[in-house]
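# model the following, please.
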Amino acid sequence: MSKLIGIDLGTTNSCVAVMERGECVVIPNESGDRTTPSVVAFTKEGERLVGKAAKHQAVINPQRTISSIKRDMGSDKKISIDSKKYTPQEISAMILSKLKTDAENFLGERVSDAVITVPAYFTDAQRQATKDAGTIAGLNVRRIINEPTAAALAYGVDKEEPQKILVYDLGGGTFDVSVLDINGGVIEVLATAGNNRLGGDDFDDALTDYIIDEFKNQSGLDARRDITALSRIKEAAEKAKIELSSMTQTEINLPFLMQKKDGPVHLEMSVTRAKFNSLTSHLVEATMGPTHQALADAGLIPQNISKVLMVGGSSRIPAVQDAVRNFIGKEPFKGINPDECVAMGAALQGGVLSGDITGLLLLDVTPLSLGIETAGGIFSKIIDRNTTLPIKRSEIYTTAANFQTSVDVKVFQGERQMTADNKLLGEFHLSGIKRALRGVPQIEVTFEIDANGIVHVTARDLGTGKSQDITITASSNLSKEEIDKAIADARIYEEEDKKRKAEANAANEIDQLLFRASNIMKRLNKEDKKRLDEACKRVNKLKKSKNAAERAEAITELERIVTQMEATVENNAPRNGTGEENGNFGQGENGANDDGSVNSDFKD
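The predicted structure is shown next:
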């Protein structure tokens with residue numbers, strides 16, 4: 001049975017973890033980093049880059065670099081690259097696929113199952129889109145869990161004392177806050193609130209706008225009109241934000257940012273923490289409304305909270321920590337890594353699902369109310385927000401007109417009284433209702449939300465027994481056919497990626513062989529030198545050949561000749577200049593002894 005991994009699919013950075021011998025282990029990527037930038041890029045040559053490589057070339061290739069795609073999950077937005085349109089699910093699948101590959105390389109085995117986290121305030125459409133992304137990436141998504149809940153899992157497992165904690169999660173593109181009760185291995189979410197369009201990106205944008213305006217005042221140039229300059233400033237703003245979490249002032253230096261008729265223009269300026277705080281105070285304040293709401297929904301006051309967990313990279317901002325400290329009256333808990341704890345919690349949930357962890361129960365909640373539209377466009381709630389999952393609940397409705405034989409069931413999600421102000425998740429038609437005066441037929445509408453937060457709705461006419469149902473999956477904006485096509489495209493790219501890797505390995509192997517050949521060429525006789533030179537020319541000629549078999553044959557032949565001639569040269573080499581064996585030292589390559597030291601008696 002393959003390992004079940006936990007994935008924090010973040011707006012800015014992503015992280016993957018796994019349970020190993022009862023311990024939660026964060027899996028490093030191929031660069032050795034414990035988090036991976038959630039960035040995808042397409043080079044002009046058609047190569048796809050994911051992670052650090054994509055982020056590093058963003059400045060010179062901004063129009064072909066995609067970041068913060070998580071903010072568009074569940075929408076119908078598409079990104080056009082080289083006449084091909086990609087959905088947010090497909091871009092996210094590329095990130096997930098890299099995390100899957102890194103996990104397989106780390107574990108040395110195939111990975112097929114995963115638990116993926118989402119912001120607590122993600123809608124059903126966004127949750128389903130995340131699940132679809134996992135499917136496209138070749139993962140069996142066993143569970144979708146909320147990020148604050150995952151953080152509490154990472155903190156709360158094996159905590160014996162009953163306690164109520166507040167999880168404040170400010171990520172790159174989303175914000176949510178949850179109040180949880182931990183008691184005897186049971187982690188119950190009491191309430192959750194948030195804003196899935198608020199995050200660290202907004203702090204970056206506020207600072208970016210300030211830098212651009214200051215630069216325009218100094219130089220008269222508008223960096224918003226130069227995509228490369230704008231990309232460089234955005235990168236500098238993110239770096240400055242991070243530095244201002246530990247420093248009171250930072251310097252921004254961007255040489256040759258733009259060009260005037262009389263020469264290049266450089267950007268040099270200082271930004272203080274106080275200035276950054278003033279630019280972003282409205283964003284900090286925007287997080288406090290949901291924090292108050294979550295606490296009120298849980299029926300608690302700040303004094304009831306035992307600990308505050310700060311999650312997400314932007315929770316490190318000092319002004320953010322000050323705001324939470326002032327509201328709760330407690331110092332935020334520093335015992336968990338805000339960048340890694342969500343992935344670790346997902347891995348722990350994976351351990352529960354696989355049976356590796358026992359005695360731990362996670363009770364999550366639905367973030368928004370669910371119901372149907374009734375006469376007059378009124379929203380009739382069936383499941384209230386912050387209801388513990390999984391849940392199944394029914395209500396009885398009737399017809400609005402005489403002799404009505406069918407009804408349209410429209411499913412909505414939100415907190416407003418009129419459906420026009422809420423989000424339509426899906427709709428279906430129930431026909432075959434027995435003809436009767438209005439108010440007589442009884443139609444039972446049942447909502448069922450599974451542990452992943454995915455909604456299933458059934459409508460049944462109690463008089464005839466006829467029923468119709470819907471699983472709210474269409475809201476992900478991808479049909480089954482589109483998902484299947486995306487999976488096929490991902491597999492095609494995987495094969496192309498393997499070919500590219502094979503080409504790179506072959507080129508590297510050729511370069512190493514040619515280097516070895518050049519090292520011995522001058523020490524060969526005329527006949528051997530000619531033979532080796534011909535073999536080298538043949539390999540060089542076939543270096544970019546599409547005939548892999550012919551190229552492999554040439555490489556094998558060159559390898560055989562080089563190895564043979566290296567042995568000949570070695571056997572004919574004089575020992576200590578006399579041809580005699582030295583009994584005390586073993587001579588290594590280039591005059592080095594076997595122990596790595598240099599023999600002072602060695603002479604050419």
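# what lies in contact with the helix or strand containing Ala323?
In this assignment (DSSP states H and E), Ala323 forms part of helix 318-328. For helix 318-328, contacts defined as Cβ atoms under 8 Å, 6 or more residues apart in numbering pick out 166, 168, 170, 244-245, 273, 276-277, 280-281, 284-285, 287-288, 291-292, 302, 305, 308, 310, 314-315, 331-332. All C-beta spots, glycine's among them, are computed from the backbone N, C-alpha and C.
# any of the residues you listed buried? List them.
166, 168, 170, 244-245, 273, 276-277, 280, 284, 287-288, 291, 305, 308, 310, 314-315, 332 (16 or more other Cβ atoms under 10 Å).
# in strands, which of these fall?
Using DSSP state E, the subset of these located in strands is 166, 168, 170, 308, 310.
# so Ala420 versus Lys410, what's the distance?
Note on Ala420: its distance to Lys410, by Cβ to Cβ, to the nearest Å, is 11 Å.
# between the two, which is the more surrounded one?
Lys410 (17 against 11; other Cβ atoms under 10 Å).
# helix, strand or coil for that one?
strand (DSSP: H, G, I helix; E, B strand; the rest coil).
# surely it meets Asn422?
No. Using Cβ atoms under 8 Å, Lys410 is not in contact with Asn422, being 10.2 Å away.
# before we move on, the earlier item: pLDDT and distance to Lys85 added to the ones in strands among the buried ones among the contacts of helix 318-328, as CSV?
Shown next, in CSV, are these (pLDDT from 0 to 100; distance: Cβ to Cβ, whole Å):
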residue, pLDDT, distance to Lys85
Leu166, 95, 41
Tyr168, 95, 37
Leu170, 94, 32
Val308, 94, 43
Met310, 93, 38
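# kindly reformat these as a markdown table containing distance to Gly350.
A markdown table is the format used below for these (distance: Cβ to Cβ, whole Å):
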| residue | distance to Gly350 |
| --- | --- |
| Leu166 | 25 |
| Tyr168 | 24 |
| Leu170 | 25 |
| Val308 | 26 |
| Met310 | 24 |
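# what is the nearest of the residues you listed to Asp511?
Within those, the smallest distance to Asp511 is 47.2 Å, found for Leu170 (Cβ to Cβ).
# the closest one pairs with what?
Leu170 has these beta-bridge partners by DSSP bridges: Phe175.
# contacting residues for it?
Leu170 touches 199-200, 287, 310-312, 314-315, 317, 320, counting by Cβ under 8 Å, 6+ apart.
# how near is it to Ala323?
Relative to Ala323, Leu170 is positioned 11 Å away (Cβ to Cβ).
# equivalent analysis for Glu570, please.
71 Å.
# over to Asn525?
With Cβ to Cβ as the criterion, Asn525 and Ala323 are 80 Å apart.
# let me see the contact set for Thr65.
By Cβ under 8 Å, 6+ apart, the neighbours of Thr65 are 39-41, 54-55, 57-58.
# how about a cut-off of 10 Å?
Taking Cβ atoms under 10 Å, 6 or more residues apart in numbering, we find Thr65 in contact with 39-43, 49, 54-59, 81, 231.
# and the contacts of Leu170, which two are the farthest apart?
Between any two of the contacts of Leu170 (Cβ to Cβ), the greatest distance is 14.0 Å, for Gly199 and Met310.
# returning to what we had before: common neighbours of Ala420 and Lys410, please.
Counting by Cβ under 10 Å, 6+ apart, the shared contacts of Ala420 and Lys410 are 373, 377, 379.
# between those residues, which is nearest Glu30?
Using Cβ to Cβ as the measure, the one of those that approaches Glu30 most closely is Phe379, at 48.9 Å.
# next, count neighbours for that closest one.
22.
# got it, and Pro255?
Pro255 has 9 neighbouring residues, counting by other Cβ under 10 Å.
# what segments of the stretch 1-150 of the chain are helices?
Secondary structure of the stretch 1-150 of the chain (DSSP state H, counting those that start in this stretch): helices located at 52-56, 88-107, 124-136, 147-156.
# quick one: low-confidence ranges for the protein?
1, 156-160, 470-480, 482-483, 486, 490, 492-498, 500-501, 504, 573-604 (pLDDT under 70).
# try 50 this time
Within the chain, the ranges that satisfy pLDDT under 50 run 473-476, 577-604.
# contact partners for the closest residue to Gly439 other than its chain neighbours?
Spatial nearest neighbour of Gly439, chain neighbours left out: Thr398 (5.1 Å); criterion: Cβ to Cβ, 6 or more residues apart in numbering. Thr398 makes contacts with 374, 404, 407, 433, 436-443, as judged by Cβ under 10 Å, 6+ apart.
# check contacts around Thr130.
7, 9, 70, 73-74, 88-89, 92, 96, 116-119, 122, 141, 144, 452, 476.
# any idea how far Lys537 is from it?
Distance, Thr130 to Lys537, using Cβ to Cβ: 54 Å.
# same thing with Leu221?
Distance from Leu221 to Lys537, by Cβ to Cβ: 53 Å.
# more neighbours: the two, which one.
More crowded of Leu221 and Lys537, by other Cβ under 10 Å: Leu221, with 18 against 12.
# tell me the SS of the more buried one?
Assignment for Leu221 (three-state DSSP): coil.
# ok, it touching Ile233?
No. Using Cβ atoms under 10 Å, Leu221 makes no contact with Ile233, being 11.6 Å away.
# give me the common contacts of those two.
Shared contacts of Leu221 and Ile233, counting by Cβ under 10 Å, 6+ apart, come down to 212, 215, 257, 267.
# what's the closest non-adjacent residue to the first one?
The reference is to Ile212. According to Cβ to Cβ, 6+ apart, the nearest residue to Ile212 is Ala223 (4.9 Å).
# and that neighbour, what is it in contact with?
By Cβ under 10 Å, 6+ apart, the neighbours of Ala223 are 208, 211-213, 215-216, 229-234, 254, 257-258, 265, 267.
# of those, buried ones?
208, 211-212, 215, 229-234, 254, 257-258, 265, 267.
# closest to Pro390 out of those?
Closest to Pro390, out of all of the buried ones among the contacts of Ala223 and judged by Cβ to Cβ, is Lys234, at 41.7 Å.
# just to be sure, that closest one is in a helix?
Yes. Assignment of Lys234 by three-state DSSP places it within a helix.
# before we move on, which element is the nearest residue to it once chain neighbours are set aside in?
Among residues not flanking Lys234 along the chain, Thr208 sits closest, at 5.2 Å (Cβ to Cβ, 6+ apart). Per DSSP H and E: Thr208 is located in helix 200-219.
# next, the angle helix 318-328 makes with that helix.
130 degrees (axes from the mean of the first three to the mean of the last three Cα atoms, to 10 degrees).
# and the strands in the stretch 451-600 of the chain?
455-461, 467-471 (DSSP state E, counting those that start in this stretch).
# with Thr568 as the reference, measure out to Ile233.
Per Cβ to Cβ, Ile233 is found 61 Å from Thr568.
# that should have said Ala274, apologies.
Distance from Ala274 to Thr568, by Cβ to Cβ: 74 Å.
# between those two, tell me which one has more neighbours.
Neighbours were counted for Ala274 and for Thr568 using other Cβ under 10 Å; Thr568 has more, 15 against 12.
# residues contacting the more buried one?
Thr568 neighbours (Cβ under 10 Å, 6+ apart): 520, 523-525, 528.
# can you check Ile520 too?
Contacts of Ile520 (Cβ under 10 Å, 6+ apart): 528-529, 532, 562, 565-566, 568-570.
# sort out which of those residues are buried, if you could.
528, 532, 562, 565-566.
# in helices, which of the contacts of Ile520 fall?
528-529, 532, 562, 565-566, 568-570 (DSSP state H).
# of the residues you listed, which is the nearest to Cys341?
Val562 (52.1 Å).
# hmm, Leu532 and the closest one touching each other?
Yes. Using Cβ under 10 Å, Val562 is in contact with Leu532, at 7.2 Å.
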